[in-house]
Structures are given as structure tokens and as C-alpha cells.
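Participant: Below are the sequence and a predicted model for it; my questions follow.
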Amino acid sequence: MNKWIYIFIMFAVTYMIRVLPLTIIRKKIKNTFIRSFLYYVPYVTLSVMTFPAILNATMSKTAALISFIAGIIAALFGANLFKVALLCCSLVLIIEYFIV
């Protein structure tokens, strides 16, 4: 019986998070601060979910950190997502081969 209460509470919270903004905010948001804040929310959310996965997906935190820094540098120099992912995966493979 308790598990159904937990499931219902999770459903209600998730549903309200998605429905409340649609029902409360009907006009276009004109405040530049709020618009800029909302613009960056998806990027921050993706970063917060991805960064711990990067550090925990490898056997060595050192390999993960080096690969992460190399990926950032490659992205800053204009490499596309496939090249950055290929570089990071290759670096982790090579570094872990020599560390372990």
C-alpha cells in the first residue's frame, strides 16, 4: 500500500512541475533577466546531469578529468560533438590502458 502512495506523490509533483507554468504564466515574459535565466536552464540542467556521469563512468578519476578538460578545449576550438566524443573516449581508453 505504501508504494502506491509514493508513486502517486511522485506523479503529482512531476505533473505539477509541468502543468503549473502552463496554467499560471499565460502572457509572454518581457523581463530580460527572467528570459535570460530561462534561456540557460536547459544547458545547466544537462551539465549538472552529465558532469557526474563523466567522472563516474571510468575506472580512473584522473582519466576522466583529463578527458573532460581535453573535450572542453576541443569544443572551444570548434570541434563538433562527434569529434569531441571520439577524442574523449579515445583519451580515456589510452590513459586507462597505461594507468591500470
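Facilitator: Done, it's in.
Participant: Give me the contact list for the longest helix that the chain contains.
Facilitator: Among the segments of the chain that qualify as a helix by DSSP state H, the longest is helix 32-56. Under the criterion Cβ atoms under 8 Å, 6 or more residues apart in numbering, residues Ile29, Lys61, Ala64, Leu65, Ser67, Phe68 lie in contact with helix 32-56. All C-beta atoms are positioned from the backbone trio N, CA, C, and that covers glycine.
Participant: which of these are buried?
Facilitator: Taking 16 or more other Cβ atoms under 10 Å as the criterion, what is buried in the contacts of helix 32-56 is Ala64, Ser67, Phe68.
Participant: can you give me the helices for this protein?
Facilitator: Applying DSSP H to the chain gives helices spanning 2-24, 32-56, 61-76, 81-99.
Participant: okay if I get those as CSV plus mean pLDDT?
Facilitator: Formatted as CSV, those follow (pLDDT from 0 to 100):
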stretch, mean pLDDT
helix 2-24, 89
helix 32-56, 87
helix 61-76, 93
helix 81-99, 93
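Participant: and those helices, which is most packed in?
Facilitator: Comparing the helices of the chain by mean neighbour count (mean count of other Cβ atoms under 10 Å), helix 61-76 comes out on top with a mean of 16.
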